[in-house]
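In: Sequence and predicted structure below; questions after.
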Amino acid sequence: MIVLLAILLIIVLGFTAYFIIQRGIGAIYSNPLVLGILFFAVIHLLLPLMQLNADYYRYQEEYHSFTILLSILLVVIGQFVYMLFFSRFKLDYYQVFKDVKGRNKELSRILNMTILVFLVGAYFSYKNLSVILSVGVSEYLRDRISYGQGKGVQMLFAHWSYLSVFIFIFCYFLATQKKLKRKALFFTIVSIGVSATYYILNSNRNSIFTMLLIIGGAWLINNKMLNTKVNKKQAKIIGSIFLLLIFAFTLFFNIGKERYAIYASRHKEFKYSTVKSLNGAFGNHENILWLLENDYENLWGQTYVAGFTNFVPRSLWANKPLGAGPKLKNFIDPGSYVAGGKKNSSLTTGFFTELQMNYGIVGMVVFPIIIAVSLGFMLQSLNRSRYIIVRMASFFIAIMFSTLFYYAEFLGFFSRFIISLIPFFIIYFFISIRFKFKSSNTKLNTIHS
């Protein structure tokens, strides 16, 4: 089994290396399939390999070899089907942003609107940090779900601070006026500082990782030198990126270690290893193993409905559907998650786990087709827009569906996704209205003259 997983990982690395050699390191972002297959490999190939090697599982001591093999085959087939249908759309984000550099008036308006978005995000980050610091970081981490009860929207709006980073850095790269570039760079640095402080204090490793991903995406896609065949300069930059990845992993490891220190204080035998660190962030594949070996009832879309109803406060709808994380927690340990209760803990599900929970193993193979086609059509349509902010939104969506979507619970992903799209809609609305108003005035002046 270890040999099979190792071979599959080598195939993925070969696939990635081919794109990088042909198109440069920027290919990781210019083609969403490359980033997607890398995240798929981490979650469904690398982590299972590490768990097998370390003989470490969270839910039960061991799984049957056939179960492990079947789980790998199901996700590989599902991912292959997804890639087959998504590849039909031939998306290339390097080409999408190739012709928009230097549109300084439009970028200036985007930048000014994004400052307002950032201030909203910074305000809600401050509100959430006030709660964390008032009870103490350790106490907060013991029961994050309870402290966040009833504050879902407040916590989601805090994510506008890291979304602002994405737009600010894009404005910096696309602007050609020095004054505009300096302004964009200043707010990029400030928004990174606010976001990083907030996520480190609330021990949100995945959000830090997402922020680093979108910063890297904005940099790589706007750097022409990184979107050509690999050369010596690129090789040096690739080396620097690997050093940054090592730094990032060290940061995530230590944040995770602090979080689990609370658990370790009650369990002296607990040791925090590398496999446990990665498993805490990306260890979704064991969900599939447990579901294959244990009885459960298909949910037939309940967890997806929960995503759409998440914006309704539970105080107004006490029995609204639970998301996949709490559902899975109660599958494994019945009654352990009680809506509105204290000391609740949930589980992170991910794309393939949630399909399995709702539609069984058939859903894991069939539904990726629907997701691939729907996403491909949406991104293709957005990329045709003449507005820069719409193309930025498309790139942001592509990154989210190539990364977070693979390992997040749908309810959490969908809620953050919708809240994150609101600033793009607001900015687009004000910019498009202004352009239409200006165009109408131009036509009237032409008629009168």
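Out: Perfect, I can see it now.

In: so what's the backbone phi/psi at the residue nearest to Pro326 when sequence neighbours are not counted?
Out: Distances taken as C-beta to C-beta, 6 or more residues apart in numbering put Tyr337 closest to Pro326, at 4.2 Å, once the chain neighbours are dropped. From N, CA and C alone the C-beta is placed, and that goes for glycine too. Backbone geometry at Tyr337, expressed as degrees, to the nearest 10, gives phi -110, psi 120.

In: Show me which positions of stretch 420-436 end up buried.
Out: 420, 423-424, 427-428, 430-431 (16 or more other C-beta atoms under 10 Å).

In: Now do it: everything it contacts.
Out: Applying C-beta atoms under 8 Å, 6 or more residues apart in numbering, the contact partners of stretch 420-436 are 106, 109-110, 113-114, 117, 159-160, 163-164, 167, 387, 389-390, 392-393, 396-397, 400.

In: just stretch 412-419 next, same as before
Out: 152-153, 156-157, 159-160, 307-308, 310-311, 323, 325, 397, 400, 404-405.

In: closest to Ile72 among those residues?
Out: Nearest to Ile72, judged by C-beta to C-beta, of those is Phe405 at 19.9 Å.

In: Look at the closest one and say how many residues are nearby.
Out: Phe405: 20 surrounding residues under other C-beta atoms under 10 Å.

In: My read is that it contacts Thr353, right?
Out: No - here Phe405 does not reach Thr353: they are 12.0 Å apart, not a contact under C-beta atoms under 8 Å.

In: Quickly find the element holding Ile427.
Out: In this structure, Ile427 sits in helix 410-448 according to DSSP states H and E.

In: before we move on, what about Tyr304?
Out: Using DSSP H and E, Tyr304 falls in helix 302-309.

In: and if you look at Tyr359?
Out: For Tyr359, the enclosing helix or strand under DSSP H and E is helix 351-383.

In: Tell me what angle the helix or strand following that helix forms with helix 351-383.
Out: Going down the chain from helix 351-383, the next helix or strand is helix 388-402, by DSSP H and E. For helix 388-402 against helix 351-383, the angle between stretch directions is 160 degrees (axes from the mean of the first three to the mean of the last three C-alpha atoms, to 10 degrees).

In: Give me the buried entries from the contacts of stretch 420-436.
Out: 106, 109-110, 113-114, 117, 159-160, 163-164, 167, 387, 389-390, 392-393, 396-397, 400.

In: just to revisit the earlier point, who touches the helix holding Tyr304?
Out: Residues contacting helix 302-309 (C-beta under 8 Å, 6+ apart): 317, 320-324, 327, 349, 354, 357-358, 409-411, 413-415.

In: quick revisit: pull out the buried residues from the helix holding Tyr359.
Out: 351-359, 361, 363-365, 367-368, 371-372, 375-376, 379, 382-383.

In: likewise stretch 91-102?
Out: By neighbour count on 16+ other C-beta under 10 Å, the buried set for stretch 91-102 is 91, 93-94, 96-97, 100.

In: do the same with stretch 216-229
Out: Those would be 216-223, 226-227, for stretch 216-229 by 16+ other C-beta under 10 Å.

In: so how far is the first residue of that stretch from its last?
Out: 19 Å (C-alpha to C-alpha, to the nearest Å).

In: That one: how far from the chain's middle?
Out: 20 Å (C-alpha atoms, centre = their mean, to the nearest Å).

In: now do stretch 411-427
Out: Counting by C-alpha atoms, centre = their mean, stretch 411-427 comes out at 12 Å from the chain centroid.

In: Could I have the CA atoms of that stretch written out in CSV?
Out: Only the C-alpha atoms of stretch 411-427 are listed here, as CSV (Å, rounded to 0.1, in the frame of the first residue of the first chain):
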residue,chain,number,x,y,z
LEU,A,411,-20.9,24.8,5.5
GLY,A,412,-17.8,26.6,6.6
PHE,A,413,-16.4,26.9,3.0
PHE,A,414,-19.7,28.2,1.6
SER,A,415,-20.2,30.7,4.4
ARG,A,416,-16.7,32.1,4.0
PHE,A,417,-17.0,32.0,0.2
ILE,A,418,-20.2,34.0,0.1
ILE,A,419,-18.9,36.6,2.6
SER,A,420,-15.7,36.9,0.7
LEU,A,421,-17.5,37.5,-2.6
ILE,A,422,-19.5,40.4,-1.2
PRO,A,423,-16.6,43.0,-1.5
PHE,A,424,-16.1,42.0,-5.1
PHE,A,425,-19.8,42.7,-5.8
ILE,A,426,-19.7,46.0,-3.9
ILE,A,427,-16.6,47.2,-5.8
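
In: which residues of the stretch 51-200 of the chain fall in helices?
Out: Along the stretch 51-200 of the chain, the segments classed as helices by DSSP state H, counting those that start in this stretch run 65-86, 93-96, 104-135, 137-142, 144-147, 152-157, 160-174, 178-201.

In: Same list (the ones you listed) but as TSV, adding distance to Tyr29 and mean pLDDT.
Out: What follows is the helices of the stretch 51-200 of the chain, written out as TSV (distance: least, C-beta to C-beta, whole Å; pLDDT from 0 to 100):
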stretch	distance to Tyr29	mean pLDDT
helix 65-86	15	96
helix 93-96	6	90
helix 104-135	20	90
helix 137-142	33	66
helix 144-147	31	58
helix 152-157	25	76
helix 160-174	12	93
helix 178-201	18	92
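
In: Of the ones you listed, which is nearest Asn287?
Out: helix 65-86 (9.5 Å).

In: any idea which of the buried residues of stretch 420-436 is the one closest to Ile68?
Out: Ser420 (35.5 Å).

In: quick one: that closest one from Leu163, how far?
Out: Per C-beta to C-beta, to the nearest Å, Ser420 is found 5 Å from Leu163.

In: quick one: common contacting residues for the two?
Out: In contact with both Ser420 and Leu163: Phe396, using C-beta under 8 Å, 6+ apart.

In: pLDDT value on the most centrally placed residue in the chain, please?
Out: Nearest to the mean C-alpha position of the chain, by C-alpha atoms, centre = their mean, lies Leu404 at 2.7 Å. In this model, Leu404 is scored at 90, pLDDT.

In: Great, nothing more from me.
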